[in-house]
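A.B. asks: sequence unknown, structure follows:
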């Protein structure tokens, strides 16, 4: 049997890959439901994710996965292309991933500036012709560093470690040294700040490869965006169907993984200590996949990841009319009328991409703030964010707000500095029999899109199956399904998540 720590997309994908190989698996999730960032809430129509969950070339092109997942093929952009290793276990999702063109914009000096067509970018106050020329030269330089071909990747020809020249410095230093400070501040820094907040200056230049790939896929009509029709519930449900809901336990905290001493009995050579309302217990297994964030990794294994987490506070605002006309708007620092920074750096107008008719005619907008933490309680945060909307957009009125739901993710991204990567196979870090599926690895270096998280889970599952730690003679017998009465006291088998359809949520 194998244990998976964490029931987000990476953890569920790892568990599904292990089950597809014939192994018994147990998933332990600390929260009250699985799905992680893909968890949804109710609307007047289709459910929608608590956090933005879009599939885009910029996220999926961070690294080629061909060595880890030989069946992935060349096109890494849509969600379904990240699932070939699970094709036998999951229904095809190709016809469920809808492709869109999402218009993008920048907010500066009280104006929303479209930022898709070349002439729109040239007209933006923070850019100019000379900066555009320097950026084109920078793109060619990055392409030479990462290899030829149309697909910009972030690794060397061996498919492994990033090219030393690109991973030897930060994105800021790379652009300033090889282009100009104006090019960085006009084109690159706003994108970095939107993703990493105040940690933007620490991020490795490897990030540039994915960003430049997104520019290649971006035309005058907007960015290439994919979204699972009907919400990510479909993917989560498909993964659960492959794993078996009886194999997933929620409300269970894993507090330790011991790979040094062999486990007792025939369960394997790794011992996992879990904490429940009824007390601690030890589970023996053949191997463990840790599908959490870097702090979870350190807490259960003692491995210091060397990367810093970037938190996200996200408000899902439901209104009776659109707030903006574009799909994504990056808000520049100092945008408020008093000269201060808005509490959020990006708006995703979800129903400017997906028809509001899918949500009962309501308009849904994500306000996303990366870095730092929420200030004050839920009511104070809601008031501050709605006040910022009123300040930024004269047409916005609180009277049209139907609900505000706020969620907090302490590790929405990781600010991976130059040269820092967490190994997938933690035998390299002295913890044999354990693999890591969270952000900060070569597969998911910065905290990627849904398909990158799926690929990270599959890669970690394959790594732990290759591990020689502990006796694992082959596929386990078909697992015995446990009834709810037989489930350990203080834990529950995976429940259908209850969704609060309105009001203010904090979590």
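C.D. replies: Ah, there it is. If you're wondering where the values come from, they're calculated on a predicted model, not measured in any experiment.
A.B. asks: check which helices and strands whatever helix or strand residue 256 lives in sits against.
C.D. replies: Assigned by DSSP states H and E, residue 256 belongs to strand 253-258. Counting contacts by 3 or more CB pairs under 8 Å, 6 or more residues apart in numbering; DSSP states H and E, strand 253-258 is packed against strand 2-5, strand 270-276, helix 294-301. Where C-beta positions appear, they are placed from N, C-alpha and C, glycine not excepted.
A.B. asks: how far away is the closest residue to residue 296 other than its chain neighbours from residue 423?
C.D. replies: Leaving aside its sequence neighbours, residue 296 sits nearest to residue 290 (CB to CB, 6 or more residues apart in numbering; 6.5 Å). Using CB to CB, to the nearest Å, residue 290 is found at 12 Å from residue 423.
A.B. asks: following the biggest strand by length in the chain, which helix or strand comes up?
C.D. replies: For the chain, the strand with the greatest residue count under DSSP state E is strand 401-415. Remark: after strand 401-415, the chain's next helix or strand is strand 434-436, criterion DSSP H and E.
A.B. asks: can you tell me what sits against that following strand?
C.D. replies: Strand 434-436 is contacted by residues 257, 259, 270, 287-290, 297, 301, 303, 422-427, 460-461, 463-464, 467, 469 when judged by CB atoms under 8 Å, 6 or more residues apart in numbering.
A.B. asks: among those, the buried ones, what's the ChimeraX command?
C.D. replies: Buried residues within the contacts of strand 434-436, by 16 or more other CB atoms under 10 Å, are selected in ChimeraX with:
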select :257,259,270,287,288,289,290,297,301,303,422,423,424,425,426,427,460,461,463,464,467,469
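A.B. asks: so how far is the helix or strand hosting residue 214 off the chain centroid?
C.D. replies: Taking DSSP H and E as the definition, one finds residue 214 inside helix 207-216. With CA atoms, centre = their mean, to the nearest Å as the basis, helix 207-216 stands 17 Å off its chain's centre.
A.B. asks: ok and the helix or strand following that helix relative to helix 207-216, angle-wise?
C.D. replies: Next in sequence after helix 207-216, counting helices and strands by DSSP H and E, comes strand 223-228. Put simply, strand 223-228 runs at 90 degrees to helix 207-216, going by axes from the mean of the first three to the mean of the last three CA atoms, to 10 degrees.
A.B. asks: quick check: bridge partners of residue 253?
C.D. replies: Beta-bridge partners for residue 253, by DSSP bridges, are residue 275.
A.B. asks: so it sits right up against residue 274, yeah?
C.D. replies: Yes: contact criterion CB atoms under 8 Å: residue 253 and residue 274 qualify, at 6.7 Å.
A.B. asks: common neighbours of these two, please.
C.D. replies: Common neighbours of residue 253 and residue 274, using CB under 8 Å, 6+ apart, are residue 28.
A.B. asks: so how far is residue 218 from residue 459?
C.D. replies: Relative to residue 218, and taking CB to CB, residue 459 is found at 28 Å.
A.B. asks: and the two? Which one has more around it.
C.D. replies: Neighbours were counted for residue 459 and for residue 218 using other CB atoms under 10 Å; residue 459 has more, 29 against 20.
A.B. asks: that one falls within a helix, correct?
C.D. replies: Yes: counting by DSSP: H, G, I helix; E, B strand; the rest coil, residue 459 is found in a helix.
A.B. asks: do you know the pLDDT at it?
C.D. replies: If you check residue 459, the pLDDT there is 93.
A.B. asks: spatially nearest residue to residue 287, not counting backbone neighbours?
C.D. replies: Per CB to CB, 6+ apart, closest to residue 287 is residue 464, 4.0 Å.
A.B. asks: please apply the same query to residue 402.
C.D. replies: Among residues not flanking residue 402 along the chain, residue 318 sits closest, at 4.4 Å (CB to CB, 6+ apart).
A.B. asks: same check, this time on residue 315
C.D. replies: residue 367 (4.4 Å).
A.B. asks: quick one: which of residue 253 and residue 274 has more around it?
C.D. replies: More crowded of residue 253 and residue 274, by other CB under 10 Å: residue 274, with 23 against 17.
A.B. asks: quick one: residues contacting the more buried one.
C.D. replies: Residues in contact with residue 274 (CB under 8 Å, 6+ apart) are 28, 252-255, 280-283.
A.B. asks: ok now stretch 432-446, how far from the chain's centre?
C.D. replies: On the basis of CA atoms, centre = their mean, stretch 432-446 sits 13 Å off its chain's mean C-alpha point.
A.B. asks: can you give me the end-to-end span of it?
C.D. replies: In stretch 432-446, first residue to last residue: 24 Å (CA to CA, to the nearest Å).
A.B. asks: relative to residue 106, how far out is residue 21?
C.D. replies: Applying CB to CB to residue 21 and residue 106 gives a distance of 47 Å.
A.B. asks: who has more neighbours, those two?
C.D. replies: Using other CB under 10 Å as the criterion, residue 21 and residue 106 rank with residue 106 on top: 24 against 17.
A.B. asks: what sits against that one?
C.D. replies: Taking CB under 8 Å, 6+ apart, we find residue 106 in contact with 112-113, 115, 124, 126, 190, 329-330, 332.
A.B. asks: flag the least confident of these.
C.D. replies: The lowest pLDDT within those belongs to residue 126, with 79.
A.B. asks: any weak-confidence spans in the stretch 151-300 of the chain?
C.D. replies: 151-164, 260-268 (pLDDT under 70).
A.B. asks: quick one: residue 364 is in a strand?
C.D. replies: Yes: assessed by three-state DSSP, residue 364 belongs to a strand.
A.B. asks: sort out which residues of stretch 278-288 are buried, please.
C.D. replies: Residues of stretch 278-288 classed as buried: 283-288 (neighbour count, 16+ other CB under 10 Å).
A.B. asks: actually, stretch 341-356.
C.D. replies: So, applying 16+ other CB under 10 Å, buried residues of stretch 341-356: 341-354, 356.
A.B. asks: shouldn't the residue nearest to residue 402 be within a strand?
C.D. replies: Yes: under three-state DSSP, residue 318 falls within a strand.
A.B. asks: and it, what are its bridge partners?
C.D. replies: With DSSP bridges as the rule, residue 318 is bridged to residue 364, residue 403.
A.B. asks: check contacts around it.
C.D. replies: Listed by CB under 8 Å, 6+ apart, the contact set of residue 318 reads 43, 362-364, 401-405.
A.B. asks: list only buried entries from these.
C.D. replies: Using 16+ other CB under 10 Å as the burial test, the contacts of residue 318 include 43, 362-364, 401, 403-405 as buried.
A.B. asks: now the stretch of helix or strand residue 105 belongs to: mean pLDDT?
C.D. replies: Per DSSP H and E: residue 105 is located in strand 104-108. Mean pLDDT, computed over strand 104-108, is 95.
A.B. asks: now find how far off-centre stretch 204-215 is within its chain.
C.D. replies: Worked out by CA atoms, centre = their mean, stretch 204-215 lies 16 Å from the chain centre.
A.B. asks: next one: stretch 272-289
C.D. replies: Between the centre of stretch 272-289 and the centre of its host chain there is 26 Å, according to CA atoms, centre = their mean.
A.B. asks: against which helices or strands is whatever helix or strand residue 136 lives in packed?
C.D. replies: In this structure, residue 136 is located in helix 129-146 according to DSSP H and E. Applying 3+ CB pairs under 8 Å, 6+ apart, we find helix 129-146 packed against helix 118-123, helix 171-178, helix 181-183, helix 207-216.
A.B. asks: just the angle between it and helix 171-178, please?
C.D. replies: Interaxial angle of helix 129-146 relative to helix 171-178 (the same axes, to 10 degrees): 110 degrees.
A.B. asks: buried residues in helix 129-146?
C.D. replies: For helix 129-146, by 16+ other CB under 10 Å, it's 131-132, 134-135, 138-139, 142-143, 145-146.
A.B. asks: let's have those in TSV, adding distance to residue 437 and pLDDT.
C.D. replies: Converted to TSV, these look like this (distance: CB to CB, whole Å; pLDDT from 0 to 100):
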residue	distance to residue 437	pLDDT
131	39	87
132	39	87
134	38	90
135	34	88
138	33	88
139	31	86
142	28	85
143	30	79
145	28	77
146	24	73
